[in-house]
Each structure stands twice: as structure tokens, then as C-alpha cells.
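Participant: Predicted model and sequence follow; I will ask about them next.
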Amino acid sequence: MVRLKDIALRAGVSVMTVSKVLRDAPDISAATKSRIRRLSEEMGYMPDCLAQGLRTRTTKLLGLVISSITNPIFARIVLGIEEQANELGYDILLVHTLNRTEREETCIRRLLSRRVDGLFLSPVYRMNPTAHIYQELHRCGTPTIVLGHRAPFCGQFVSVETDDLAASYAATRHLLSLGHKRIAFFTGLAAAPWAQERYDGYRRALREAGLEVDERLIFQAGETIEDGAKAALQMLEESPEATAVQAANDLIAMGAANILLGQGLRIPEDISIVGFGNIMSSQFFRVPLTTIRQPKYRLGHAAMDSMLRLLRGEHPDIKRLPADLVVRSSTGPARNPGT
């Protein structure tokens, strides 16, 4: 293994000078820095990150806790975080909770044991107003950014989120503008604040249009394709005469659409459908999906920006990024706009 004194011997300088160059100290000339850095690369020098961490009391590691990388929403968020972290010399430790609270606690404890400099957390939402692991995390003082909406149990942390209420409102307004009055809503996870915001946006748009929320048009879904399929089957069995479906996310919308198409309904001639998220497959679905485009990559960048401020001892505000409607082939005029 190449050591600092090996580079110093080759360069004809002191070990202290080599150390300063590799730390980019300002009191070393540009020419000396260039010569020593070139020598270190030629000799294959690898810095001892553990030793550096002991000196600086930092690890240059950031923990990233998400449900699963297979969730298409997270791919761009993770990319936005990792790209900026890489440029700043940080490495990312990625762990999956699989939406299980006990696994989430294990993940957080393991990352804290690795002395990460900060944590990005997509919470496993629960109905309880408190969660011991989040209280413990707050007490230990590790800089933490919540990826998504805060709930009471994680309300003490800074968050980066989408303005889901305004976005869902825009989606419902789009359907109303096409003459739809019987708009079914397929809800998300009951404990998730993002699901409640999307439902609230739907209700607000209906109220402003002078329409009452018909509980017969509300169907509990969840967040998967299978959840959307089950909700669609229930809707068909109960026959609420909906002319449109607004889903809490794109996966629910796709699962519902598959069932509707399989029952011989035409989209959008017989029934329109809107998703939320604009995951990559939504554009290439059997009927390209009208949806809400979440700023996933920008959410990742915003999260890293907030983390850097926390690491500097600052107190960043909550960030709510706007999302916009993308109109594709899955929505069209209501078949009976007067009803």
C-alpha cells in the first residue's frame, strides 16, 4: 500500500506538504499541488477514509432509506441525490424498508452505527402519532431529511415533498373541464399524508364545481397495480356509473385500466382515467396515461441542498415543489356530459 511518506520521498518534500496537498490546503503553490497529485495518481495512492474520518469526526457517508428501489418513484429521486452527493465527495448507503416498520427501525439503527453524517428517510407511514425510532433519531441529532410528506411521528424533521393537493386539484379540474361529473377516486394508503392530500385536492375541485362528493365513487386502493385492479373490479360490481377514474398513483391507474379494458370498456371513449406520478411506463402504457408529473429528480436535488444546510448547522425550511398535469390519450370528453 502506498503511503504518504512514499509520495513525499519521490517528490522530495515533507510528509506534511503531501498531506496539505491532498487536503487542498491554501498555503501550497499550484505547481507543487499539481506535481504531487500527479505522483499520487501514478503511484496508485488510495486515501484511508477511516483515518480521515477519525481526524475530522465525519465519515462522508449519507444514509438513504426508501421502501424499495423497485418503486419507480424513487429511481429519479435517488439519482438526484447521488449525483450531487458524488460531486461533493459523499458516498450513499442505500437500504430498503419494504414498508415494514420493524425493518425500518433496523435500517436506521444500522446506518447510525456506521456513523453516517446524515440520513434521507422515506418513512413507513403509520397511524400512531409517535414512533420510538424517530424520537431516538431526533435525540441523537443526526441531520435528517424526510423524503415526502411529514406525519405526526416524523414532524420534527425537515422535509422535501410535492404539492400533492394542488396537483390533484388540477387533475380533477381537467376531468371536470371534459364534462365529467361522475368521477371515481381510487385512494392511496390510509396512513399516508400524500394520499390524504391527493384526496383533498379531488374534493376541493368538486366542491368548487358545485358537486357533492359521492361516497359511492370512493374506493380504497393502496399503491400497487394489484390494488388498482381490485378497486376497479369493486367499482364494476357496484356500478356507480362513473365516467372517469382518478387514481392516487400511476400503478393504481394502470391496474384499474387493465381491468376496464379487459371488460371491453374503451379508454377514453367509455371511461377516462388519470394517474399521479408520471413514472416512465405511464407514457408507454396500452393507453398512454394522463397523469401528474412529479419533479422527482428535482426533489432529489432539493433534498441534498437541504442536507448540506443541515450539515452546516443551518435550519432549512420545508420544501414543497409544484407538479404539473401531463395530458395524454387516457382522458377525453364524458360520454354523457349532461348527467
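Facilitator: Everything's here; your move.

Participant: What are the buried residues along stretch 265-280?
Facilitator: Within stretch 265-280, the residues scored as buried using 16 or more other CB atoms under 10 Å are 265, 267-268, 271-279. C-beta coordinates here come from the backbone N, C-alpha and C atoms, glycine included.

Participant: And it, end to end?
Facilitator: 24 Å (CA to CA, to the nearest Å).

Participant: what about it, average pLDDT?
Facilitator: Averaged over stretch 265-280, pLDDT sits at 97.

Participant: quick check, distance from it to the centre of its chain.
Facilitator: 23 Å (CA atoms, centre = their mean, to the nearest Å).

Participant: cool, and stretch 263-281?
Facilitator: Counting by CA atoms, centre = their mean, stretch 263-281 is centred 23 Å from the centre of its parent chain.

Participant: I'd like the numbering to begin with 4 instead of 1 from here.
Facilitator: Sounds good: first residue 4 from here, last item stretch 266-284.

Participant: What about Asp30, how many residues nearby?
Facilitator: Counted with other CB atoms under 10 Å, the neighbours of Asp30 add up to 6.

Participant: My guess is it contacts Thr20. True?
Facilitator: No. Taking contacts as CB atoms under 8 Å, Asp30 lies outside contact range of Thr20: 9.8 Å.

Participant: could you pull out the helices for the stretch 4-153 of the chain?
Facilitator: For the stretch 4-153 of the chain, the helices defined by DSSP state H, counting those that start in this stretch cover 7-14, 18-25, 33-45, 52-59, 75-90, 104-116, 135-143.

Participant: Include distance to Glu241, mean neighbour count and mean pLDDT when you put those helices into a markdown table, please.
Facilitator: Formatted as a markdown table, those follow (distance: least, CB to CB, whole Å; neighbours: other CB atoms under 10 Å; pLDDT from 0 to 100):
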| stretch | distance to Glu241 | mean neighbour count | mean pLDDT |
| --- | --- | --- | --- |
| helix 7-14 | 74 | 16 | 87 |
| helix 18-25 | 69 | 18 | 86 |
| helix 33-45 | 69 | 14 | 88 |
| helix 52-59 | 60 | 11 | 52 |
| helix 75-90 | 30 | 19 | 94 |
| helix 104-116 | 33 | 17 | 95 |
| helix 135-143 | 39 | 15 | 94 |
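
Participant: Select, out of the ones you listed, the one closest to Ala208.
Facilitator: Closest to Ala208 of the helices of the stretch 4-153 of the chain, according to CB to CB: helix 75-90, at 23.1 Å.

Participant: same for that closest one, what does it pack against?
Facilitator: In terms of contacts (3 or more CB pairs under 8 Å, 6 or more residues apart in numbering; DSSP states H and E), helix 75-90 is packed against strand 64-69, strand 94-99, helix 299-314.
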